[in-house]
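*Asks:* Okay, here's the prediction I keep looking at, along with the sequence it came from:
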Amino acid sequence: MTEELVAAIDQGTTSSRCIVFNRSGEPVSVAQREHRQIFPRPGWVEHDAEEIWHNVEQVVGEALDATGAGPDRLAAVGITNQRETTVVWDRATGRPVANAIVWQDTRTGPLLADLAAARGEQWFRDRTGLPLATYFAGPKLRWLLENVDGLRARGERGEVLFGTMDSWLIWKLTGRHVTDVTNASRTLLMDLRTLDWDPELLAALDIPAAMLPEIRSSAEVYGTAGGPLAGVPVASALGDQQAALFGQTCFHPGEGKCTYGTGSFLLLNTGATPVASRHGLLTTVGYRIGAEPATYALEGAIAVTGSLVQWLRDNLGLISSAGEVEELARSVDDNGGCYIVPAFSGLFAPHWRSDARGVIAGLTGYITRGHLARAVLEASAWQTREVVDAMNADSDVALRRLRVDGGMTGNELLMQFLADVLDVPVVRPGVRETTCLGAAYAAGLAVGFWPDLATLRDQWREDARWEPAMDPAHRDRELHQWRKAVRRTLDWVED
């Protein structure tokens, strides 16, 4: 008998992937394609949703071809996605009405100032668990309604539909207009406790309810796919960071992970009750399986980590491939007194300062390409340290180890520096692409491919571990310097 498989589509910020997994949770095949990053103005970031859909069709076909199997061998497909990126499309034609506005985009800053003046940030935070920040999807939708001719009237008539990338892909695959609780919790439109669209929030942002998808759980059958996945149940949707939390099997309160990709995101499972942060973290939905109660999480979101390496490659030309950054950073013993704070879209957790912009601090004639490369890597670790400090202040139990995943975890210099600045062990799992794995796990649970969470937990394996080795006094000095550099990013944008 031919073994059944589960596929996961990972629609990310810079690329789309499809990975096929076997029953042991091991990857069988993978295909990936990058898409364009569109920068119409400073601070604006857009994607072509049609281009992304065509790439998804391609990678699904390539991943299936690589297994030598057709869709008939797939028990289910799950979706994980870049969160907050906002798409509006025509209900009749299925075509986007404008480019998608990406989560990194900062154009909604003036709107957020107006909302803060009218309602106060705490009013939004109490309902959604989120600060008023350019990060989230609802204000991006409001911007489109106000700036695309005729869109508001069409939205009120239900002729155009809104969604994050999960909704867009589910619509293209099945014709169903749905989202899951994790993605809905990133819109500034959903009540964290009712897990439904909040009429008062919709009124505050002036969003027509007719445009919104139905909110469903993270693991259930939404519909049956067509196209290259014809006949396959589409059975999960999770925002990428929640998918990684699930793929790392952080199923118990107090367990957490950090994913290192375009940005970096540290999530801590807080159980069945949302925990309000007092130190700049987000309160979000971690996942919901079928009809079971939702599991909540605290999250520290860092906008720029892996994309800083891309910037070093594409904008400065100091390396020709991302993999070269470690070798270049190892060519020097330290950062030479140089610090890079990549506030390209403002500072995210725990600062939430949209007025900040990036700086390179401590430049002297001594600094070389190697020092800049090292400062790029160290920036990811120091930003993580800031989030961990906030999380320790908000939670009852201090972090004792950090599970990590994502593409940057292959950089061993970064992983050791991360253990050094956090002063805890850093642990990498056997399957590093836990975002896709989490989506596959949730889809498999929904159709009975895997029986329960305990089975998934038993499959987790450690691949590598880094222990802290930095002198505490040196760590404290470097942290002091980093904080000085962060302060120099503030108050840059005045309008």
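*Replies:* Noted; the coordinates are in hand. Residues are numbered from 1 along each chain as shown.
*Asks:* Using PDB, write down the CA coordinates of stretch 359-368.
*Replies:* C-alpha atoms of stretch 359-368 as PDB (Å, rounded to 0.1, in the frame of the first residue of the first chain):
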ATOM      1  CA  VAL A 359      21.000  53.600  12.200                       C
ATOM      2  CA  ILE A 360      24.600  52.400  12.000                       C
ATOM      3  CA  ALA A 361      26.200  53.600  15.200                       C
ATOM      4  CA  GLY A 362      29.900  53.600  16.300                       C
ATOM      5  CA  LEU A 363      31.500  54.000  12.900                       C
ATOM      6  CA  THR A 364      35.200  54.700  12.900                       C
ATOM      7  CA  GLY A 365      37.900  54.400  10.300                       C
ATOM      8  CA  TYR A 366      38.700  51.000  11.800                       C
ATOM      9  CA  ILE A 367      35.400  49.400  10.700                       C
ATOM     10  CA  THR A 368      35.500  46.900   7.800                       C
END
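*Asks:* which regions of the protein sit below the pLDDT cut-off?
*Replies:* Along the chain, the model assigns pLDDT under 70 to residues 1-2, 397, 495.
*Asks:* Repeat the analysis, applying 80 as the threshold.
*Replies:* Residues of the chain meeting the criterion pLDDT under 80: 1-3, 69, 254, 395-399, 432, 495.
*Asks:* which helix in it runs the most residues?
*Replies:* helix 369-394 (DSSP state H).
*Asks:* Which strand or helix spans Gln32?
*Replies:* strand 27-34 (DSSP states H and E).
*Asks:* Can you give me the buried ones in that strand?
*Replies:* Across strand 27-34, burial judged by 16 or more other CB atoms under 10 Å covers Pro27, Val28, Ser29, Val30, Ala31, Gln32, Arg33. In short, each C-beta sits where N, CA and C put it, glycine included.
*Asks:* ok, and what's touching the following helix or strand past the longest helix of the chain?
*Replies:* Later in the chain than helix 369-394, the nearest helix or strand by DSSP H and E is strand 402-405. Contacts to strand 402-405, defined as CB atoms under 8 Å, 6 or more residues apart in numbering, come from residues 244, 247-248, 250, 255-260, 266, 384, 388, 415, 418, 422, 424-429, 432-435.
*Asks:* rerun that using 6 Å as the cut-off
*Replies:* Applying CB atoms under 6 Å, 6 or more residues apart in numbering, the contact partners of strand 402-405 are Ala244, Gln248, Lys257, Cys258, Thr259, Val424, Val426, Val427, Arg428, Arg432, Thr434.
*Asks:* Take those and keep only those in strands.
*Replies:* The strands, defined by DSSP state E, take in Lys257, Cys258, Thr259, Val426, Val427, Arg428 from the contacts of strand 402-405.
*Asks:* burial of the fifth one, as a residue count?
*Replies:* Translated: Val427. Applying other CB atoms under 10 Å, we find 20 residues neighbouring Val427.
*Asks:* circling back: quick check, nearest of the ones in strands among the contacts of strand 402-405 to Arg477?
*Replies:* Nearest to Arg477 out of those is Val426 (CB to CB; 21.3 Å).
*Asks:* and that closest one, bridged to which residues?
*Replies:* Leu402, Trp466 (DSSP bridges).
*Asks:* What separation is there between it and Arg374?
*Replies:* Remark: distance between Val426 and Arg374 (CB to CB, to the nearest Å) = 18 Å.
*Asks:* Sheet-wise, list the partners of the strand holding Gln32 with their directions.
*Replies:* Applying DSSP bridges, strand 27-34 is found paired with strand 15-21 (antiparallel).
*Asks:* Now do the strand it pairs with: everything it contacts.
*Replies:* 5-10, 27-34, 52, 55-56, 59-60, 63, 67, 436, 440.
*Asks:* Kindly recompute the last result at 7 Å.
*Replies:* Residues from elsewhere that reach strand 15-21, judged by CB atoms under 7 Å, 6 or more residues apart in numbering: 5-10, 27-35, 52, 55-56, 59-60, 63, 67, 433, 436-437, 440.
*Asks:* Any chance of a markdown table for the contacts of strand 402-405, columns distance to Trp89?
*Replies:* Formatted as a markdown table, those follow (distance: CB to CB, whole Å):
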| residue | distance to Trp89 |
| --- | --- |
| Ala244 | 27 |
| Gln248 | 33 |
| Lys257 | 33 |
| Cys258 | 33 |
| Thr259 | 28 |
| Val424 | 44 |
| Val426 | 41 |
| Val427 | 41 |
| Arg428 | 38 |
| Arg432 | 33 |
| Thr434 | 30 |
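*Asks:* Show the contacting residues for Pro131.
*Replies:* Counted by CB under 7 Å, 6+ apart, Pro131 has contacts Glu121, Arg125, Trp352.
*Asks:* Buried members of those into PyMOL, please.
*Replies:* Provided next is the PyMOL selection string for whichever of the contacts of Pro131 are buried by 16+ other CB under 10 Å:
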select buried, resi 125+352
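*Asks:* any chance of the contacts of Pro131 in CSV, plus secondary structure?
*Replies:* Formatted as CSV, these follow (DSSP: H, G, I helix; E, B strand; the rest coil):
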residue, secondary structure
Glu121, helix
Arg125, helix
Trp352, coil
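*Asks:* Distance to Ala219 added to the contacts of Pro131, as JSON lines?
*Replies:* Formatted as JSON lines, the contacts of Pro131 follow (distance: CB to CB, whole Å):
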{"residue": "Glu121", "distance to Ala219": "33"}
{"residue": "Arg125", "distance to Ala219": "28"}
{"residue": "Trp352", "distance to Ala219": "31"}
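*Asks:* residue ranges for the helices of the stretch 201-350 of the chain, please.
*Replies:* Along the stretch 201-350 of the chain, counting by DSSP state H, counting those that start in this stretch, helices occupy 240-247, 306-314, 324-329.
*Asks:* Gly129 is nearest to which of those helices?
*Replies:* With CB to CB as the measure, helix 240-247 is the member of the helices of the stretch 201-350 of the chain nearest Gly129 (13.3 Å).
*Asks:* how many degrees apart are that closest one and strand 256-260 in direction?
*Replies:* Orientation note: helix 240-247 sits at an angle of 130 degrees relative to strand 256-260 (axes from the mean of the first three to the mean of the last three CA atoms, to 10 degrees).
*Asks:* which residues touch helix 240-247?
*Replies:* If you take CB under 7 Å, 6+ apart as the criterion, helix 240-247 is touched by 12, 80-83, 182, 238, 257, 259, 265, 267, 269, 286-287, 297, 299, 405, 434-435, 437-439, 441-442.
*Asks:* I'd like to know how many residues surround Asp471.
*Replies:* 9.
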